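Peer 1: next one to model:
(one chain, ligands or ions: 2)
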Amino acid sequence: MAPKHDDEVAEAVRTPAQLDGSRYDVVVVGTGSAGKPLASELAKAGLRVLAVERHRVGGECAYVACVPSKSMLLAARRHRASGSPSFAEAVALRDKIVWHRSDHKAVEGMLEAGVELVRASAAFSPGAVQLDGTATVRWSRALVIATGADAVIPKIDGLQQDAAGIWTSDQALSSDELPPRLAILGGGPIGCELAEVYASFGSQVTLLEAAPTLLPREQPWLGEAMAQALRRLGVDVRTSTELTAVQPGLVLQTAQGEIAAERLLVAIGKRPLTEGLENLELGEKGELLVDARMRVRANGGEALADVFAIGDVTALNPYTHGANYQARVVADELLGRGRDADHSGTPRVVYTDPTVFAVGETERTAADQGLRTVSARFDVTGTTRAAVEAVEQADDRPASLELIADASSGVLLGAAAIGPEADSWAAELALAVRARITVQALADQPHAFPSWAEAIGSPAQELAARLRTA
Ligand SMILES: Cc1cc2nc3c(=O)[nH]c(=O)nc-3n(C[C@H](O)[C@H](O)[C@H](O)COP(=O)(O)OP(=O)(O)OC[C@H]3O[C@@H](n4cnc5c(N)ncnc54)[C@H](O)[C@@H]3O)c2cc1C
Ligand SMILES: NC(=O)c1ccc[n+]([C@@H]2O[C@H](COP(=O)([O-])OP(=O)(O)OC[C@H]3O[C@@H](n4cnc5c(N)ncnc54)[C@H](O)[C@@H]3O)[C@@H](O)[C@H]2O)c1
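Peer 2: Numbering: from 1, shown residues only. Ligands and ions are numbered 1, 2, ... in the order given. Here you go, the predicted structure:
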């Protein structure tokens, strides 16, 4: 029977001592976007499942990552348009939507699904999991490692996580402070999204990126368009810039000069959490390496039959939808309908205004695999929808779409877009990449008039014509 009242919910969460010596069908360590849906699905299917969580049930997404950042981006957009909400009002809305960072609802949901839940820090040993170092549990079917990743703090003179003024996104998205001057280290998704938020509410934002363009894993023009969009909001975007030291008083030193700030937000990526897993094979970023069914590899490369890893700890598509997908792959495997994972159609979105959407290969990653590509770009401001919405060239907001196809077969290998709501109208390109649709088929596909998706037709037709005459 599912618990109904707060006290019953709290009581239903186990302590390590209550579980010592227990055996479960499946033990899931970590209850974020990966572990929580997996544990719930397996328990609903009748398996005896233990989920181990040392912090908040639900992981980072709902409390200090995706949800609060999207809430602040929406508030920032409204603030730019009408002056409302204020920063304080935006923070109040943000905190309401993240349940004031209480995991009560998530705990209740997991218990209702039939998962047994223990609050403890898990450590791993062959065949067993230690809970807070005081109790041991075992599994008969599977151990699933879904421990996520932590913000990286680089080794730079004067820069320590606990130094005055240093934020990671966890702190920025939990704070009610609007720093007059905010420096952001790293021009990836976090850096770009939070630069837009703080600049919109009036902070003087300096964004430092070591690579020559923002979002350096994407097509370079996309990073340049992002920089243009942020500069329109007053962000001082500095690419090819290395932070060399942080002086007391938060004075940042770079080869190009000093920057003073009240806060420094460090957003240079994440490190998978794999403590106690030294007997497993780790990749370049410290991630757990997995096979196509998400089984982890031991040292020597052999996949272990009963140990799986999902979510950010694998560094494979480190997004909530990537974690959810990997959870489904493992659930299917354990419920007797196993299939290999196909990560090729996972979208990469940055929810700035305009929004960035990318999927599949870039020209560089395709070339690294020896693939010959053709690509075509289309100015999305040329669509009728753009005219209707008065997003004109004079508006200066970048809106563009590029398709990248295999030069011999015409199969769509990748797409990159920036524009209003690009996460929605370009979404069909994710399925197209995964389904290995050709640009000829995309060119033939009618798109609703006057939708933003009409933008897809033009570059697809251009590529189809070029491949016909090649
Ligand atoms: C600021 C920000 C914004 C983001 N925005 C988006 C977005 O808009 N869209 C998107 O798709 N993705 C976004 N992401 C990425 C997304 O949040 C992650 O990819 C996703 O939440 C990863 O889920 P996970 O389950 O792998 O890890 P987590 O959510 O981190 O969960 C791992 C859990 O494991 C627990 N744990 C770790 N070690 C142990 C241990 N030894 N014992 C017990 N418990 C342990 C942790 O406490 C944690 O609760 C964003 C990330 C950030 C930082
Ligand atoms: N919309 C989304 O889906 C979304 C939003 C935010 C975060 N996330 C996820 O959260 C994770 C962390 O995001 P992130 O932006 O921190 O990581 P990231 O790795 O995506 O980007 C980090 C950026 O910092 C730069 N960098 C690295 N070292 C540097 C240095 N010393 N000085 C200056 N720049 C440096 C890198 O070149 C890169 O551009 C990622 O997995 C990301 O996908 C996703």
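
Peer 1: CA atoms for contacts and neighbours, from now on please.
Peer 2: Will do.

Peer 1: in what helix or strand does the residue lying closest to residue 195 once chain neighbours are set aside lie?
Peer 2: Spatial nearest neighbour of residue 195, excluding adjacent residues (CA to CA, 6 or more residues apart in numbering): residue 205 at 6.4 Å. Following DSSP states H and E, one finds residue 205 within strand 204-208.

Peer 1: backbone dihedrals for residue 80, both of them.
Peer 2: phi -60, psi -40 (degrees, to the nearest 10).

Peer 1: residue contacts, the nearest residue to it once chain neighbours are set aside?
Peer 2: Sequence neighbours aside, residue 200 is the residue nearest to residue 80 in space, at 6.3 Å (criterion: CA to CA, 6+ apart). Going by CA atoms under 8 Å, 6 or more residues apart in numbering, residue 200 touches 76, 77, 79, 80, 233.

Peer 1: quick one, which of those residues are buried?
Peer 2: Neighbour-count burial (16 or more other CA atoms under 10 Å) is assigned, among the contacts of residue 200, to 76, 77, 79, 233.

Peer 1: now the two most distant members of the residues you listed.
Peer 2: 79 and 233 (12.3 Å; CA to CA).

Peer 1: next SSE downstream of the helix or strand hosting residue 265?
Peer 2: Using DSSP H and E, residue 265 sits within strand 263-266. Downstream of strand 263-266, the first helix or strand assigned by DSSP H and E is strand 270-272.

Peer 1: helix or strand right after that next one?
Peer 2: Downstream of strand 270-272, the first helix or strand assigned by DSSP H and E is strand 295-297.

Peer 1: the helix or strand that that following strand is followed by pairs with which strands, and in what direction?
Peer 2: The element immediately downstream of strand 295-297 (helix or strand, assigned by DSSP H and E) is strand 303-309. Using DSSP bridges, the strands paired with strand 303-309 are strand 135-145 (parallel), strand 295-297 (antiparallel).

Peer 1: which of the ones you listed sits closest to residue 67?
Peer 2: Nearest of the strands paired with strand 303-309 to residue 67, taken as CA to CA: strand 135-145 at 23.4 Å.

Peer 1: so stretch 175-184, near ligand 1 or not?
Peer 2: No: shown here: stretch 175-184 not in contact with ligand 1 (CA under 6 Å from any ligand atom), separated by at least 12.7 Å.

Peer 1: what comes into contact with the strand holding residue 205?
Peer 2: Residues contacting strand 204-208 (CA under 8 Å, 6+ apart): 180-187, 191, 195, 198-199, 234-243.

Peer 1: that strand pairs with which strands?
Peer 2: Those paired with strand 204-208 in the sheet (DSSP bridges) are strand 181-185 (parallel), strand 236-238 (parallel).

Peer 1: dump these to CSV, plus mean pLDDT and distance to ligand 2.
Peer 2: Formatted as CSV, the strands paired with strand 204-208 follow (pLDDT from 0 to 100; distance: least, CA to the nearest ligand atom, whole Å):
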stretch, mean pLDDT, distance to ligand 2
strand 181-185, 98, 5
strand 236-238, 98, 9
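
Peer 1: tabulate those (TSV), appending mean neighbour count.
Peer 2: Shown next, in TSV, are the strands paired with strand 204-208 (neighbours: other CA atoms under 10 Å):
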stretch	mean neighbour count
strand 181-185	24
strand 236-238	20
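
Peer 1: now render those as TSV, adding distance to residue 350.
Peer 2: Converted to TSV, the strands paired with strand 204-208 look like this (distance: least, CA to CA, whole Å):
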stretch	distance to residue 350
strand 181-185	16
strand 236-238	17
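
Peer 1: of those strands, which is nearest residue 70?
Peer 2: Among these, strand 181-185 comes nearest to residue 70, with 18.0 Å by CA to CA.

Peer 1: what's the first helix or strand after the closest one?
Peer 2: Scanning forward in sequence from strand 181-185 by DSSP H and E, the next helix or strand is helix 189-200.

Peer 1: just want the angle from that next one to strand 181-185.
Peer 2: 170 degrees (axes from the mean of the first three to the mean of the last three CA atoms, to 10 degrees).

Peer 1: how far does helix 189-200 sit from its chain's centre?
Peer 2: Relative to its parent chain, helix 189-200 has a centroid offset of 15 Å by CA atoms, centre = their mean, to the nearest Å.

Peer 1: low-confidence regions, the stretch 1-150 of the chain specifically.
Peer 2: Applying pLDDT under 70 to the stretch 1-150 of the chain flags the ranges 1-5.

Peer 1: and the stretch 301-450 of the chain, which residues reach ligand 2?
Peer 2: Within the stretch 301-450 of the chain, the positions near ligand 2 by CA under 6 Å from any ligand atom are 318, 319, 349, 350, 351.

Peer 1: need the residues you listed in JSON lines with distance to residue 168, can you?
Peer 2: Output for these, formatted as JSON lines (distance: CA to CA, whole Å):
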{"residue": "318", "distance to residue 168": "17"}
{"residue": "319", "distance to residue 168": "18"}
{"residue": "349", "distance to residue 168": "20"}
{"residue": "350", "distance to residue 168": "18"}
{"residue": "351", "distance to residue 168": "19"}
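
Peer 1: quick revisit: beta-bridge partners for the residue nearest to residue 195, please?
Peer 2: Applying DSSP bridges to residue 205 gives these bridge partners: residue 182.

Peer 1: that one and ligand 1, how far apart?
Peer 2: Plainly put, residue 205 is 17 Å away from ligand 1 if you go by CA to the nearest ligand atom, to the nearest Å.

Peer 1: with residue 370 instead?
Peer 2: Using CA to the nearest ligand atom, we find residue 370 at a distance of 29 Å from ligand 1.

Peer 1: got it, and residue 13?
Peer 2: Per CA to the nearest ligand atom, residue 13 is found 14 Å from ligand 1.
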